[in-house]
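Visitor: What follows is a predicted structure for the sequence shown.
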Amino acid sequence: MQRLGKNHGGYQGETIDLSSVLRDLRATAGQHGWQCDDLPVSPGLTLTAFTRAAASRTPRPAPRIYLSAGIHGDEPAGPLALRQLLLENHWPADVDVCLLPCLNPTGFPLNRRENAEGRDLNRDYRHFECAEVRAHVTWLERQPQFEITFCLHEDWEAHGFYLYELNPDRQPSPAAAIIAAVAEVCPIDPSSVIEDRPAQGGIINPHLDPASRPQWPEAFWLLQNRTRLSYTLEAPSDFPLPTRVAALVTAVRAGLNAIAGR
């Protein structure tokens, strides 16, 4: 499978009707018994969180899984992937799931990374200058710990799928299983350096000292406050949109299966 060669200086690919996608998500979540919470951002603007309790209970507390997408308005595969996962409704029976399908609702109509005010939300999880991030973190602070978190992204420059793993306690890692599963539906980026960081087989293990970073992505806040195992999944946005969606859906499934099997 070859890159399309559409992206020059930024994302030039397919866009989505975000309002329609969010309506589908809300309707599907309701049909399958998910709880829907609106997170007020500003007058007329909300984020949406969907939560699902484990269908079966064991003597120990159910693992809690977190998924988010749409923090960059030029990355349409993430919200579509979460919509597909909700439609399929094939979740491990013994896990609780929290799902936020779009953290940047004003960026998508503009087809740009930033929100309507020109701010990159995924660099604001240390100082909370943006209303969307403040609303999101306020909700997160009410949540118990997560066993694992997945942040769904795209990279318009990537040669294939890759992921960032934040695993400071060296827990059993699903990273290799995720890469192997995704390789069946999407090329993996073979580069030894991705985004100026060493990579091996599509896996990046970045420097883990958040205090040294003046700007935090969502995954850093999650690692510091709500989880000890976090994955940022990067689909290659110069490939067809269905391929990118399949890559993210497959990656989440593989990660969930690895956690449910512990």
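Guide: Happy to help now that I have it. No experiment lies behind these values; they were computed from the predicted model shown.

Visitor: C-alpha from now on. contacts and neighbour counts both.
Guide: OK.

Visitor: Quick check: F239 vs G160, distance?
Guide: Distance of F239 to G160, given as CA to CA, to the nearest Å: 8 Å.

Visitor: Would you map the helices across the stretch 151-262 of the chain?
Guide: 175-182, 218-225, 241-260 (DSSP state H, counting those that start in this stretch).

Visitor: Distance to R23 and mean pLDDT for the ones you listed - can I get that in TSV?
Guide: Below are the helices of the stretch 151-262 of the chain laid out as TSV (distance: least, CA to CA, whole Å; pLDDT from 0 to 100):
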stretch	distance to R23	mean pLDDT
helix 175-182	28	97
helix 218-225	25	97
helix 241-260	18	94
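
Visitor: ranking those by burial, who's on top?
Guide: Comparing the helices of the stretch 151-262 of the chain by mean neighbour count (mean count of other CA atoms under 10 Å), helix 241-260 comes out on top with a mean of 22.

Visitor: Just list what it packs against, helices and strands only.
Guide: helix 77-88, strand 148-155, helix 175-182, strand 230-236 (3 or more CA pairs under 8 Å, 6 or more residues apart in numbering; DSSP states H and E).

Visitor: What are the buried residues along the longest one?
Guide: Just to be clear, that refers to helix 77-88. Buried positions in helix 77-88, judged by neighbour count with 16 or more other CA atoms under 10 Å: A77, G78, P79, L80, A81, L82, R83, Q84, L85, L86, L87.

Visitor: Might you report the residue contacts of the third one?
Guide: For P79, the contact set (CA atoms under 8 Å, 6 or more residues apart in numbering) comprises V21, A69, G70, P101, C102.

Visitor: low-confidence ranges in the stretch 51-200 of the chain?
Guide: 56-60 (pLDDT under 70).

Visitor: What segments of it are strands?
Guide: Under the criterion DSSP state E, counting those that start in this stretch, the stretch 51-200 of the chain contains strands at 64-68, 96-100, 148-155, 162-166, 193-194, 197-198.

Visitor: Can you tell me which of those strands is nearest to A181?
Guide: strand 162-166 (12.0 Å; CA to CA).

Visitor: partners of that closest one, with directions?
Guide: strand 203-204 (parallel), strand 230-236 (antiparallel) (DSSP bridges).

Visitor: Could you dump those strands into CSV and include mean pLDDT, mean neighbour count and distance to D120?
Guide: Below are these laid out as CSV (pLDDT from 0 to 100; neighbours: other CA atoms under 10 Å; distance: least, CA to CA, whole Å):
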stretch, mean pLDDT, mean neighbour count, distance to D120
strand 203-204, 98, 23, 22
strand 230-236, 98, 26, 16
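
Visitor: between these, which one is nearest to D96?
Guide: Closest among those, using CA to CA: strand 230-236, at 16.2 Å.

Visitor: Report the angle between the closest one and strand 148-155.
Guide: Taking axes from the mean of the first three to the mean of the last three CA atoms, to 10 degrees, one finds strand 230-236 and strand 148-155 inclined to each other by 20 degrees.
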